[in-house]
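Chemist: Based on what follows, work out the 3D shape:
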Amino acid sequence: MNCYFDNASTSFPKPPEVASRISRYLTDEGGTYGRAAYQRVHEATRQVEQCRDALSALLGVADPEKIAFASNATSALNTLLLGISSRPTVIWVSPMEHNAVMRPLWHLHRTLGIRMEVLPAMEDGSIDTDALGKLPAGEDSLFVINHLSNVNGVIQPMSEISRLATSRGWKIILDAAQSLGEIPVEAVNWNIDCVAFTGHKALMGPTGTGGFYCKSPQELTLTHFGGTGSLSDSYEMPAEMPDHFQAGTPNVAGIVGLLSALENRPAACHTPSDVLACMRELSKLPGIKIYGAKQSDQQGELFSFTHQSQPPATISQKLFERHGIETRSGLHCAPLAHRTLGTFPSGTVRIALSPYHTVADLENLIKAIADVATN
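Modeler: Got it, this is the predicted structure:
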């Protein structure tokens, strides 16, 4: 029985090939990324570029060199947000943003006076595209959008959002930390300026991996400098991508593990309908309130719940102690999202699935929550 329901924090288990691939690199292959005259480096570099190609294809990007690796989505978002060279008049955020976005933006607000505004939204945090279409078109605006909420799993309608933004000349940074690997992310078709992602959640790779796509890298100011193995006779960072953003030795062990995860993604053992059915059954339990998307086609593989009298931390602890069910309670580093949902400051208990969960696992989860909710 799979009792791990904290996949929005990090996916587990990983495909078995991931660990064996990392082990082979560490024990047999070695070599770092870059330029050298021996085979170990050539092979390591080949695999890093193969991973970049795979990520590029997943994002629908024709030019893999516009994909830069980072240690996680937070690092990628810091590079993108703090590197904004043309300061926008206002930065609009979705009401479901993670602190990986809000803290860098708060820094920009506090130090540079950049104005932040929250986009109009529905009760579940889904952006209200009708209201969005009425925003003034004259302002130099940047949108930062959490594609799939790490609190209630709501998926933002990016096709319509991007259509409205493009027609007004607004730029978009997409936080795909939870979505890439689970649902389509169409960076080019949606005319997204930048996409940040992590490797250890829905992509099912190891921690310490991630990166970003940038449509126009020359528009970003660098925040990180160092050796790249290219143009080493100059103190200037190379202008060419991806070296422009990749100072220092990359996490080759993690990247080859991520490549293995991309190549060996398991088939899902449940359907979206199974997730919705689980949410419906849980909503019938006494004292339980479910937080998810109002529209079923906007529901991701995670949702949250609260109990009318027991704090989220108590429910989460009981689930583990009595049934071995592993969940995450609290604010999930997303206080803005919880304010939007009305669950601040105590938060919720979050249930986040992976492809490995079966219908039997979901039935076991329902029974466990029923027990702790009534006893």
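
Chemist: And F143, its phi and psi?
Modeler: Note on F143: backbone dihedrals following degrees, to the nearest 10 are phi -100, psi 130.

Chemist: Run through the bridge partners of I127.
Modeler: A121 (DSSP bridges).

Chemist: Isn't it up against G133?
Modeler: No - counting by C-beta atoms under 8 Å, I127 does not reach G133; the two are 10.8 Å apart. Placement of C-beta: from N, CA and C, glycine included.

Chemist: Look at those two and report which has more neighbours.
Modeler: A side-by-side neighbour count of I127 and G133, using other C-beta atoms under 10 Å, places I127 first with 26 against 13.

Chemist: so how far is A293 from that one?
Modeler: Separation of I127 from A293 (C-beta to C-beta, to the nearest Å): 12 Å.

Chemist: burial count for Y25?
Modeler: Counted with other C-beta under 10 Å, Y25 comes out at 21.

Chemist: again with T358
Modeler: 14.

Chemist: Leaving out chain neighbours, which residue sits closest to it?
Modeler: C269 (4.5 Å; C-beta to C-beta, 6 or more residues apart in numbering).

Chemist: what do you get for E17?
Modeler: In space, E17 is closest to N264, 4.3 Å off (C-beta to C-beta, 6+ apart).

Chemist: who are the neighbours in contact with the one you found?
Modeler: Taking C-beta atoms under 8 Å, 6 or more residues apart in numbering, we find N264 in contact with 15, 17-18.

Chemist: Sketch out the low-pLDDT regions of the stretch 1-150 of the chain for me.
Modeler: Along the stretch 1-150 of the chain, the model assigns pLDDT under 70 to residues 138-139.

Chemist: so how far is stretch 125-139 from its chain's centroid?
Modeler: Taking C-alpha atoms, centre = their mean, to the nearest Å, the mean C-alpha location of stretch 125-139 is offset from the chain mean by 23 Å.

Chemist: For it, list the C-alpha coordinates in PDB.
Modeler: Coordinates of the C-alpha atoms in stretch 125-139 are reproduced here as PDB (Å, rounded to 0.1, in the frame of the first residue of the first chain):
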ATOM      1  CA  GLY A 125      -8.100  31.000  -6.800                       C
ATOM      2  CA  SER A 126      -8.600  30.500 -10.500                       C
ATOM      3  CA  ILE A 127      -7.900  33.800 -12.300                       C
ATOM      4  CA  ASP A 128     -11.100  35.500 -13.400                       C
ATOM      5  CA  THR A 129     -10.400  36.000 -17.100                       C
ATOM      6  CA  ASP A 130     -13.400  38.200 -17.700                       C
ATOM      7  CA  ALA A 131     -12.100  40.700 -15.100                       C
ATOM      8  CA  LEU A 132      -8.600  40.200 -16.400                       C
ATOM      9  CA  GLY A 133      -9.700  41.400 -19.800                       C
ATOM     10  CA  LYS A 134     -10.900  44.700 -18.200                       C
ATOM     11  CA  LEU A 135      -7.500  45.600 -16.700                       C
ATOM     12  CA  PRO A 136      -6.000  48.800 -18.200                       C
ATOM     13  CA  ALA A 137      -3.800  48.000 -21.200                       C
ATOM     14  CA  GLY A 138      -1.600  51.100 -20.900                       C
ATOM     15  CA  GLU A 139       0.500  50.000 -18.000                       C
END
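
Chemist: Number the residues from 9 up from this point.
Modeler: Understood, numbering begins at 9; the last thing we discussed is stretch 133-147.

Chemist: Run through who's touching it.
Modeler: 96-98, 100, 102-104, 127-130, 149, 153, 157, 159-160, 162, 164-165, 168-169, 172, 176-177, 301-303, 306, 345, 348-349.

Chemist: Of those residues, just the buried ones, PyMOL syntax please.
Modeler: Buried subset of those, written as a PyMOL selection, criterion 16 or more other C-beta atoms under 10 Å:
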select buried, resi 96+98+100+102+103+104+127+129+130+149+153+157+159+160+162+164+165+169+172+301+306+345+348+349
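
Chemist: Among the contacts of stretch 133-147, name the ones in helices.
Modeler: 168-169, 172, 176, 345, 348-349 (DSSP state H).

Chemist: With respect to S291, which of the residues you listed is nearest?
Modeler: Of all the ones in helices among the contacts of stretch 133-147, L349 has the smallest distance to S291: 15.1 Å, by C-beta to C-beta.

Chemist: Identify the residues contacting that closest one.
Modeler: 132-133, 159-160, 299, 312, 356 are the contacts of L349 under C-beta under 8 Å, 6+ apart.

Chemist: Need the phi and psi values for T279.
Modeler: T279 adopts backbone torsions of phi -120, psi 160, taken as degrees, to the nearest 10.

Chemist: what's the closest of the ones in helices among the contacts of stretch 133-147 to V49?
Modeler: The closest of those, once distances to V49 are taken by C-beta to C-beta, is I169, at 42.6 Å.

Chemist: Ends of stretch 325-340, what's the gap?
Modeler: End-to-end distance for stretch 325-340, by C-alpha to C-alpha, to the nearest Å: 16 Å.

Chemist: So what touches that stretch?
Modeler: 11-14, 16-17, 106, 158-159, 318, 320-321, 323-324, 346, 352-360, 372-373, 376-377, 379-380.

Chemist: hmm, 6 Å instead?
Modeler: 11-14, 17, 158-159, 320-321, 324, 346, 355, 357-358, 376, 380 (C-beta atoms under 6 Å, 6 or more residues apart in numbering).
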